[in-house]
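Student: I would like to see how this sequence folds:
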Amino acid sequence: MLPLDATPLGKTICGRRSVRDFAERVWPLLLFSSALGCLLISLVLRATGAKPPAEVFLIVAIVSVLARLLVEIVSKLRRGEFGLDLIAALSMSAALWFDQYLAGAIVSVMYAGGHLLEFYAHSRAESGMTDLLSRVPRTALRISENGLVEIPIAAIGIDDKLLIRRGDIVPVDGRVESRTALVDQSALTGEPLPVRLGHGQPVMSGASNAGDAFEMIAARSAAESTYASIVRLVEEAKQSKAPIFRVADRFGLLFLVLTVSVAILAVTISGDSLRLLAVLVVATPCPLLLAVPVAFVSGTSHAARHGILVKGAAVIEALSNIRTVVFDKTGTLTIGQPAVTDIDCNGDANSLLRLAGSAEQVSSHSIGRAIVSEAHRRGLALVKPEKATEVAGEGVEASVDGHNVLVGGPSFIASKISGALFPVTNVLASALVFVDGRYSGTICFEDTLREEAPETVAKLRATGIKRIILASGDRIGVACAVAERLGLDAVEAELSAGKKVEIIRSERESGPVMMIGDGVNDAPALAAADVGLAVARGNLAAASEAADVVLLRSDLREIVTALTIGRRSKHIALQSVYAGIGLSAIAMLVAAFGFLPPVQGALIQEAIDVAVVLNALRALA
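Tutor: Below you'll find the model as predicted:
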């Protein structure tokens, strides 16, 4: 048996922690501990009068942090990145040059402490996403002729029968084979109560068994299942970098030039070389280094707790700029399944529905399923049809209780009954029913609008969205009816996937656009928009590839939540940067005039850094 991380899926889901990854986790704590230890030992030695050994420990504290810092700077420069850590390196180097070892050691401790604080902040902010990763199943129990066999999840094949014990995580998407199953889907959808699933109903990977053990049939491989797609989204979110990061880098370059200029000017005017060190110490740009990433990672974590998976910091920022929203219709604004709305007949509607429902039991078409579902809802006893035949997508013919029953559209009826007469209807979706060659009635359908759709549209407008459009592949009459009910600004219908992309590109000329669809047939439009948001409907594989945001709860109101989180996260990030840099600039001027010695300056700068990071963490809530 292969270990999970030896399989391609294992590398995708579990990840192989490299030496570099381990070092990134260990170095912040190790550097801070060593620098702080050396500083404390030095203070004790100085108190006892042993000044030379005390200075040795101060130098060790400075050099240890400075060496690690220089490695990071060189690494960034090789990647073509400009590191603002250069100011911290200059301040530590200046402390060594001017023999100001105590000030330099305090700077090294504060700098190492800032990175440790950043690591803690990231860990706290990512908790909403890493909770998902911690639930990844490694193995599954496959039911075979020889009994139960434990296999890695990568070895699960379609149609394999699996046993899910109490407390187990469902490893792949599938359907319940047992009579019932009680599953907890809270990690996926946020629904707090366990859900009872019946035989044949779909069950998502990542859900946990909250009841007795049950059997299931695998419908997808592990790599294509819901949970693997969620994990890929989470990993992408962790690795992304928002455009505002690059803006902060450019702003930081200007700050570096300003810092060096003020430091040189202060020394030139006063003749006091220590002012150079004092200015550099208080100018260490931790607000820029820490505030932006912490705020945006916090935003992605906040969204994850609402069942909104965001592909990282860049998407969080893009959400904050959206001005136009384009909706798909089927499966997005509507539930994606037709429902019977009316039965137009001269006789008893239930009798007609019973005959039609019995005949449609042989059909897998959505219209046929809707007729059968409505018959069951009304408590009608359907019988097994005889001599049943179906013309795919057109209609069904069957013998029910000795009657010849035809259910279908006009062309299907005309192909069966020459010169058939039936009333003309204005209903956009309907099925004609003929019994023994005579017209008996019309069953009318509607793709039901989602209950939360009107509220969602109203809230989108309240958040400042200027334009809301419907782009649908459905007929113009159906699309216009939906757009009118919701009060949308424009409607485009009978669109191909390519036409939807053209609409997205056209709307982008007026500002950033969000496309909202089901993540499958809308994939090109989702990819073309500034933000593509998929309303998940079971399989997230396609959505995770094309969309930037996925709603696990399939609740349109979470669209507003996503936009709100994006705007708030960006506001907090910029607020933290401006406040932090502003306070640092004030402290820098005070130091330049000689009123802030290096040691006190380092302590003040650390207080600023702590305040900035704590403010950035507000994006978590």
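
Student: got the phi/psi numbers for D173?
Tutor: phi -70, psi 140 (degrees, to the nearest 10).

Student: tell me, how many residues neighbour it?
Tutor: 28 (other Cβ atoms under 10 Å). The C-beta positions use only the backbone N, C-alpha and C, and glycine is treated the same way.

Student: so what's L45 closest to, chain neighbours aside?
Tutor: The shortest distance from L45 to any non-neighbouring residue, by Cβ to Cβ, 6 or more residues apart in numbering, is to A54 (3.7 Å).

Student: so that neighbour sits in a strand?
Tutor: No. In this structure, A54 is helix, not part of a strand, as judged by DSSP: H, G, I helix; E, B strand; the rest coil.

Student: what's near enough to touch it?
Tutor: 41-43, 45-46 (Cβ atoms under 8 Å, 6 or more residues apart in numbering).

Student: cutoff 6 Å now
Tutor: Counting by Cβ atoms under 6 Å, 6 or more residues apart in numbering, A54 makes contact with 42, 45-46.

Student: how close does it get to A94?
Tutor: Going from A54 to A94 by Cβ to Cβ, to the nearest Å gives 20 Å.

Student: sorry, back to before: which one of the contacts of A54 sits in the busiest neighbourhood?
Tutor: When neighbours are counted by other Cβ under 10 Å, S42 leads the contacts of A54 with 24 neighbours.

Student: wait, that residue sits on F57?
Tutor: Yes. Using Cβ atoms under 6 Å, S42 makes contact with F57 at a distance of 4.1 Å.

Student: for the chain, what helix or strand is lowest in average pLDDT?
Tutor: helix 8-13 (a mean of 39; mean pLDDT, DSSP states H and E).

Student: mind picking the lowest-pLDDT entry from the contacts of A54?
Tutor: On pLDDT alone, R46 ranks lowest of these, at 87.

Student: quick one: the residue lying closest to that residue once chain neighbours are set aside from L421, how far?
Tutor: Spatial nearest neighbour of R46, chain neighbours left out: A54 (4.4 Å); criterion: Cβ to Cβ, 6+ apart. As for A54, its distance to L421 is 107 Å (criterion: Cβ to Cβ).

Student: any idea which helix or strand carries I367?
Tutor: Secondary structure from DSSP states H and E places I367 in helix 366-377.

Student: what's downstream of that helix, the next helix or strand?
Tutor: Remark: after helix 366-377, the chain's next helix or strand is strand 386-391, criterion DSSP H and E.

Student: buried residues in that following strand?
Tutor: 388, 390 (16 or more other Cβ atoms under 10 Å).

Student: same check, this time on stretch 444-458
Tutor: Residues 444-447, 449-450, 452-453, 456-457 are the ones in stretch 444-458 that count as buried (16+ other Cβ under 10 Å).

Student: so N321 makes contact with P512?
Tutor: Yes. Using Cβ under 6 Å, N321 is in contact with P512, at 4.5 Å.

Student: so which elements touch the longest helix seen in the chain?
Tutor: If each helix of the chain is counted by residues according to DSSP state H, the longest one is helix 557-592. Contacts defined by 3 or more Cβ pairs under 6 Å, 6 or more residues apart in numbering; DSSP states H and E place helix 557-592 against helix 243-270, helix 274-282, helix 286-305, helix 313-319, helix 598-616.

Student: mind checking the pLDDT average for it?
Tutor: Here helix 557-592 scores 90 as its mean pLDDT.

Student: quick one, it and helix 598-616 angle?
Tutor: On the basis of axes from the mean of the first three to the mean of the last three Cα atoms, to 10 degrees, helix 557-592 is oriented at 170 degrees to helix 598-616.

Student: tell me how far helix 557-592 is from the chain's mean position?
Tutor: Offset of helix 557-592 from its chain centre (Cα atoms, centre = their mean, to the nearest Å): 22 Å.

Student: got the angle for that helix vs helix 274-282?
Tutor: Using the same axes, to 10 degrees, helix 557-592 lies at 170 degrees relative to helix 274-282.

Student: which parts of helix 557-592 are buried?
Tutor: 557-570, 572-577, 579-581, 583-585, 587-588, 590-592.

Student: now the angle from it to helix 286-305?
Tutor: Orientation of helix 557-592 against helix 286-305 (the same axes, to 10 degrees) gives an angle of 170 degrees.

Student: what ranges do the helices span in the stretch 1-150 of the chain?
Tutor: Assigned by DSSP state H, counting those that start in this stretch, the helices in the stretch 1-150 of the chain fall at 8-13, 19-47, 51-78, 85-97, 101-125, 127-133.

Student: residues of the longest one that come out buried?
Tutor: Translated: helix 19-47. Of the residues in helix 19-47, 27-28, 31-32, 34-36, 38-39, 41-42, 45-46 count as buried by neighbour count, 16+ other Cβ under 10 Å.

Student: which of those residues lies closest to R354?
Tutor: The closest of the buried residues of helix 19-47 to R354 turns out to be P28 (Cβ to Cβ; 71.1 Å).

Student: local confidence estimate at the closest one?
Tutor: With respect to pLDDT, P28 has a value of 80.

Student: likewise for G393?
Tutor: Listed pLDDT for G393 reads 66.

Student: G402 too?
Tutor: In this prediction, G402 carries a pLDDT score of 90.

Student: again, but for I476
Tutor: Model confidence at I476 (pLDDT) stands at 82.

Student: list phi and psi for the closest residue to it other than its chain neighbours.
Tutor: Of all residues beyond its chain neighbours, the one nearest I476 is A493 (4.1 Å), with distances taken as Cβ to Cβ, 6+ apart. The phi/psi pair for A493 (degrees, to the nearest 10) reads phi -130, psi 170.

Student: does A493 touch G477 like I think?
Tutor: No. Judged on Cβ under 6 Å, A493 makes no contact with G477 at a distance of 8.2 Å.

Student: more neighbours: which of the two?
Tutor: Each of A493 and G477 has its neighbours counted (other Cβ under 10 Å); A493 has more, 18 against 12.

Student: any idea how far the more buried one lies from K499?
Tutor: Counting by Cβ to Cβ, the gap between A493 and K499 amounts to 10 Å.

Student: what do you get for Y578?
Tutor: In terms of Cβ to Cβ, Y578 sits 43 Å off from K499.

Student: same thing with V610?
Tutor: According to Cβ to Cβ, V610 and K499 sit 53 Å apart.

Student: cool, V267 as well?
Tutor: Going from V267 to K499 by Cβ to Cβ gives 66 Å.

Student: same deal with G167?
Tutor: Applying Cβ to Cβ to G167 and K499 gives a distance of 49 Å.

Student: for L596, same thing?
Tutor: With distances taken as Cβ to Cβ, L596 is found 64 Å from K499.

Student: and for H199?
Tutor: Counting by Cβ to Cβ, the gap from H199 to K499 is 42 Å.

Student: can you tell me the SS state at the most centrally placed residue in the chain?
Tutor: For the chain, the residue nearest the mean C-alpha position is L309 (1.6 Å; Cα atoms, centre = their mean). When classified by three-state DSSP, L309 comes out as strand.

Student: who does it bridge with?
Tutor: Beta-bridge partners for L309, by DSSP bridges, are V550.

Student: quick one: low-confidence ranges for the stretch 301-450 of the chain?
Tutor: 392-393, 424-429 (pLDDT under 70).

Student: tell me how far the helix or strand hosting A398 lies from the chain's centre.
Tutor: Taking DSSP H and E as the criterion, A398 maps to strand 395-400. Distance of strand 395-400 from its chain centroid, counting by Cα atoms, centre = their mean, is 46 Å.

Student: strand partners of that strand, parallel vs antiparallel please.
Tutor: With DSSP bridges as the test, strand 395-400 pairs up with strand 386-391 (antiparallel), strand 403-408 (antiparallel).

Student: nice, that's everything, thank you.
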